[in-house]
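Visitor: here's my sequence, what's the structure:
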Amino acid sequence: MNSGKFRSNWNHKFIILLVAFFGLFVYQLVAGSRPTKINKAQLDDGSGCTSIEVGRLASVDGSVITCHTCDGNYRQWVNIVPRRKNPPGTSNKIYEGKLHTETPDDSRGVILKGEIPEVDETFAFLNTAYPALNEQGLAIGETTIGGREELYNPEGMFMIEELERVMLERCRTAREAIKLAGELVKQYGYGDYGECLTIADGKEVWHFEIFGAGPLEKGAVWAAVRLPDDHIGISANIPRISEINLKDPDHYLASDNVFKVAEEMGWWDPKKGEPFKFWKAYSGRKPFSIREFFVFNRLAPSLKLDYKSEELPFSVKPDKKVSVRDILALYRETYSGTEFDMSKNLLVKKRGSDEMVQSPVVSNWLSRDWINLINTLKPGTIEPQRTIAINACAYATVIQVRGWLPASVGAICWFSFDNPALSARIPIFAGVTELPPGLAISAQHRYREDSAAWSFRRA
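Guide: Next comes the predicted model:
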């Protein structure tokens, strides 16, 4: 055989293979950088967010706390929208599509859904993808909770992020915000899938869940429960509200159709004598998963909660009062060292010994492809779990509202980019009037040296 011809053919095939791999790499890079919208009706809880809530008597210093991880390929830019005085006749434009923009001025993919009359004056607020905190110390966390496809109405005006924005522009308290949201969606419609907002002020934290009312209905179905002041709660992409007592408006609020829609759709039959449970009627799936169980079990181990239960308590009293640092630690969790640790079976022999140790390359953030590969090589090696901290996180907030201080300094948003287990936290006070320009540039679209998020990634 002619060795020169063999080398020539081999080199030719190698070049073709190299070009093919390069093309695949570029395709994945470009495709992966495109903003994508999750089908929220079929939401896998691996794609969503985590919001922990803490009542003022459950925290070490009397802070009320609400949180949010924006998990997925969402915008990272953040700025301060200033307080505005609005001339008579001004309209407030309501949009869809801002979740995937690169900067505040980016209008690609943004759709005008409608307009509502503006109020005389609006409050300044911290404008994250899901708006988070206003100058009055009103704070909001968010998680998508899916729900039944039959409830979705794409013609409704308000997406959840725009509803949050208007709540922060106009409200001082959590209770005010819930009532305003109910009025707005009843009048203008709700066009999103199921969502949960964890809404806090200096005194209270409320858990608000909302769904559309159906494709032919303008309004929405919603319920809100005030956490007991000495309790903690969590929303992690699954409806959590159970029984509601509307005779107790200090702790329960709901839309006027909350029972009617469930009965008409056949999701609840009062004649059977079963209590109405909001999660069962409007979701139908188990009202908790690993994240809810882990947080409750970590903060209230004395309850000895059972992961195999049909239902967990809506909220729990922690065994000891929790601090902001405790909450930040929970947002770094990968369940390492627990029964849910995905790396517990990834062991190798220590060099020169029969002792089995964990491989130094082990990570609880292995991609789905790696997990599938390892389980193909040795079935059952990894049992996939949805950790609280994930690489797919766009940004995260932990907001504490200290009601005994002026809101401008009493409310603090502890903000981070990307995976909350690996990122520094930036304190942003409610009274801040502007932020460094690098924070107003998302890192999800392309590499930019003027983006603060890319500065963190390089570090």
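
Visitor: and Ala181, how many neighbours?
Guide: 26 (other C-beta atoms under 10 Å). For glycine as for every other residue, the C-beta is placed from the backbone atoms N, C-alpha and C.

Visitor: give me the element it is part of.
Guide: Per DSSP states H and E: Ala181 is located in helix 174-188.

Visitor: that helix packs against which elements?
Guide: strand 111-117, helix 160-170, strand 194-200, strand 205-212, strand 220-226, strand 252-254 (3 or more C-beta pairs under 8 Å, 6 or more residues apart in numbering; DSSP states H and E).

Visitor: could you check the angle the fifth one makes with helix 174-188?
Guide: Strand 220-226 runs at 170 degrees relative to helix 174-188, counting by axes from the mean of the first three to the mean of the last three C-alpha atoms, to 10 degrees.

Visitor: follow-up on the earlier one: could you dump the helices and strands packed on helix 174-188 to JSON lines with mean pLDDT, distance to Glu311 and mean neighbour count?
Guide: Below are these laid out as JSON lines (pLDDT from 0 to 100; distance: least, C-beta to C-beta, whole Å; neighbours: other C-beta atoms under 10 Å):
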{"stretch": "strand 111-117", "mean pLDDT": "98", "distance to Glu311": "36", "mean neighbour count": "14"}
{"stretch": "helix 160-170", "mean pLDDT": "99", "distance to Glu311": "25", "mean neighbour count": "24"}
{"stretch": "strand 194-200", "mean pLDDT": "99", "distance to Glu311": "17", "mean neighbour count": "28"}
{"stretch": "strand 205-212", "mean pLDDT": "99", "distance to Glu311": "15", "mean neighbour count": "27"}
{"stretch": "strand 220-226", "mean pLDDT": "99", "distance to Glu311": "14", "mean neighbour count": "26"}
{"stretch": "strand 252-254", "mean pLDDT": "99", "distance to Glu311": "18", "mean neighbour count": "20"}
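
Visitor: what bridges to the residue lying closest to Tyr130 once chain neighbours are set aside?
Guide: Excluding its sequence neighbours, the residue lying closest to Tyr130 (C-beta to C-beta, 6 or more residues apart in numbering) is Glu142, at 4.3 Å. With DSSP bridges as the criterion, Glu142 is bridged to Leu197.

Visitor: how many residues are close by Glu142?
Guide: 29.

Visitor: looks like it contacts Pro131 (just checking).
Guide: No: assessed by C-beta atoms under 8 Å, Glu142 is found out of contact with Pro131, at 9.1 Å.

Visitor: list the residues that are in contact with both of those two.
Guide: Glu161, Glu164 (C-beta atoms under 8 Å, 6 or more residues apart in numbering).

Visitor: what's in contact with the helix holding Ala181?
Guide: 94, 114, 116, 138, 140, 156-158, 163, 166-168, 170-171, 197, 199-201, 204-206, 208, 210, 218-220, 222, 224, 253, 255.

Visitor: could you do stretch 103-110 as well?
Guide: 35, 77, 79, 95-98, 100-102, 127, 440-442.

Visitor: what's the local residue count around the residue lying closest to Asn237 once chain neighbours are set aside?
Guide: Nearest-residue entry for Asn237: Gly48, 3.6 Å, with adjacent residues in sequence omitted and distances by C-beta to C-beta, 6+ apart. By the criterion of other C-beta under 10 Å, Gly48 has 26 neighbours.

Visitor: and Gly48, how far from Glu102?
Guide: 23 Å (C-beta to C-beta, to the nearest Å).

Visitor: break this structure down into its structural domains.
Guide: 40-337+394-458, 347-377 (automatic domain parsing).

Visitor: quick check: mean pLDDT of the last one?
Guide: Meaning domain 347-377. Here domain 347-377 scores 88 as its mean pLDDT.

Visitor: ok, the contacts of stretch 103-110 vs Ser302, which is closest?
Guide: Asn127 (40.8 Å; C-beta to C-beta).

Visitor: check contacts around the closest one.
Guide: Val78, Asn79, Ile80, Val81, Pro104, Arg165.

Visitor: for stretch 229-243, how far is the first residue from the last?
Guide: This stretch, stretch 229-243, spans 19 Å end to end (C-alpha to C-alpha, to the nearest Å).

Visitor: distance of the nearest residue to Ala254 once chain neighbours are set aside relative to Asp256?
Guide: Excluding the flanking residues, the one nearest Ala254 by C-beta to C-beta, 6+ apart is Ala223, at 4.3 Å. Ala223 sits 11 Å away from Asp256, taking C-beta to C-beta as the criterion.

Visitor: same question, Asn86
Guide: 30 Å.
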